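Participant: how would this look folded up:
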Amino acid sequence: MKAGRRLKKPESYRMRTYRQFPDQGELVAIQVQIQETDLQILATKIATFDVKERATELVLQYRLQLENYIVKHPQFLATLDPLPIDFMAPPLVREMLAAGLKAGVGPMAAVAGVLSEFVGKALVAEGVQEIIVENGGDIYVQRLKECSVAIFAGQSPLSYKVGLRLLPSLMPIGVCTSSGTVGHSLSFGKADSVTVVARSTALADAVATRLGNEVGATLSAKAGVERALAKAKEIEGIEGAVVICGEVLGAMGAVELVQLAS
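Facilitator: Residues are numbered from 1 along each chain as shown. Got it, this is the predicted structure:
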């Protein structure tokens, strides 16, 4: 049985210590919190509408679609295993189902990532030029220039010491992190962080959960990291992955690691 993600209590979303560190540059920071959904959005200003107000409307819209689907299909929320594609489901739900199938996890493993992406894409379509949408460590990025994303790995000595360089040619891109030692997500592994980069933020989120499960509690850090990276190479659609367990770091795919200043 593979781990997915379930809807969590809002209290678990209130402490976002990593949000103290972003280099906002010319982007304006706003926060949208509705029940379990807690978005930090960095976006360029736009004269035609209020980005926070519109982002709030979008979150309510997408949450309603998801909640209505769950009422009719309660297994969607409860299962830790993949479900078949439902072609009658809303696009957001279909994206989650597809991500779960590719990653081998329940569709709710993609919930944070898919909300980040759908909100971000909608705002870009409506005129926001550059945007970063972060939802519990799961990020949708659309920028016109190079940027770096720091990796938070809990108590690992590598936490905030290493990051990913994202080139404009990669964007829009999803960067999602799962952990067996930090945060609210359900994981059966002991990795301090598993970060996955993919064109689909929903897929990046689901695969991060799957790879985190691979770093089993009975394995050494090195063996767990190697096992997770081996599994990552089997999953179609991801650009790359970085796995940190204690002092051990491993990476695969088209990811460019950068050393970060203290």
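Participant: Now do the strands in the chain.
Facilitator: Taking DSSP state E to define them, one finds strands in the chain at 28-34, 37-43, 131-135, 138-142, 147-150, 162-166, 173-178, 193-198, 238-245, 248-253, 256-259.
Participant: relative to strand 28-34, how tilted is the longest helix along the chain?
Facilitator: In the chain, with assignment by DSSP state H, the single longest helix is helix 51-72. If you take axes from the mean of the first three to the mean of the last three CA atoms, to 10 degrees, helix 51-72 sits at 30 degrees to strand 28-34.
Participant: quick one: contacts of helix 51-72?
Facilitator: Outside helix 51-72, the residues that touch it by CB atoms under 8 Å, 6 or more residues apart in numbering are 28, 30-32, 34-35, 37, 39, 41, 43, 45, 76-77, 89-90, 92-93, 111, 115, 118-119, 122-123, 126, 128. Every residue, glycine included, has its C-beta placed from N, CA and C.
Participant: Only the buried subset of the residues you listed, as a ChimeraX command please.
Facilitator: Buried members of the contacts of helix 51-72, defined by 16 or more other CB atoms under 10 Å, are picked up in ChimeraX with:
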select :30,32,37,39,41,43,76,77,89,90,92,93,111,115,118,119,122,123,128
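Participant: So for residue 5, what pLDDT did the model give?
Facilitator: With respect to pLDDT, residue 5 has a value of 44.
Participant: List the buried residues in the longest helix of the chain.
Facilitator: Here helix 51-72 shows 51, 54, 55, 56, 58, 59, 62, 63, 65, 66, 69, 70 as buried, counting by 16+ other CB under 10 Å.
Participant: Tell me which two of the residues you listed sit farthest apart.
Facilitator: 51 and 70 (28.1 Å; CB to CB).
Participant: Dig out what the most centrally placed residue in the chain forms beta bridges with.
Facilitator: Nearest residue to the geometric centre of the chain (CA atoms, centre = their mean): residue 138, 2.5 Å. Beta-bridge partners for residue 138, by DSSP bridges, are residue 135, residue 176.
Participant: That one contacts residue 174, correct?
Facilitator: Yes - at 7.4 Å, residue 138 counts as touching residue 174 under the criterion of CB atoms under 8 Å.
Participant: Give me the common contacts of those two.
Facilitator: Joint contacts of residue 138 and residue 174 (CB under 8 Å, 6+ apart) are 113, 116, 201, 204, 205.
Participant: How many neighbouring residues does residue 133 have?
Facilitator: 28 (other CB atoms under 10 Å).
Participant: ok, now which ones touch it?
Facilitator: 39, 40, 41, 116, 117, 119, 120, 123, 139, 140.
Participant: May I have the beta-bridge partners of residue 166?
Facilitator: Judged by DSSP bridges, the bridge partners of residue 166 are residue 147.
Participant: And it, how far from residue 40?
Facilitator: 17 Å (CB to CB, to the nearest Å).
Participant: Ok, residue 147 next?
Facilitator: The value you get for residue 147 to residue 40, if CB to CB is used, is 15 Å.
Participant: Quick one: work out the angle between the longest helix of the chain and strand 37-43.
Facilitator: Using the same axes, to 10 degrees, the inter-axis angle of helix 51-72 relative to strand 37-43 is 150 degrees.
Participant: Centre of the chain to helix 51-72, how far?
Facilitator: 18 Å (CA atoms, centre = their mean, to the nearest Å).
Participant: same thing with stretch 27-39?
Facilitator: On CA atoms, centre = their mean, the centre of stretch 27-39 falls 15 Å from the chain's centre.
Participant: Mind putting the buried residues of helix 51-72 into JSON lines with distance to residue 247 and pLDDT?
Facilitator: Below are those laid out as JSON lines (distance: CB to CB, whole Å; pLDDT from 0 to 100):
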{"residue": "51", "distance to residue 247": "41", "pLDDT": "93"}
{"residue": "54", "distance to residue 247": "44", "pLDDT": "96"}
{"residue": "55", "distance to residue 247": "39", "pLDDT": "97"}
{"residue": "56", "distance to residue 247": "42", "pLDDT": "97"}
{"residue": "58", "distance to residue 247": "41", "pLDDT": "98"}
{"residue": "59", "distance to residue 247": "38", "pLDDT": "98"}
{"residue": "62", "distance to residue 247": "39", "pLDDT": "98"}
{"residue": "63", "distance to residue 247": "39", "pLDDT": "98"}
{"residue": "65", "distance to residue 247": "43", "pLDDT": "98"}
{"residue": "66", "distance to residue 247": "39", "pLDDT": "98"}
{"residue": "69", "distance to residue 247": "43", "pLDDT": "98"}
{"residue": "70", "distance to residue 247": "41", "pLDDT": "98"}
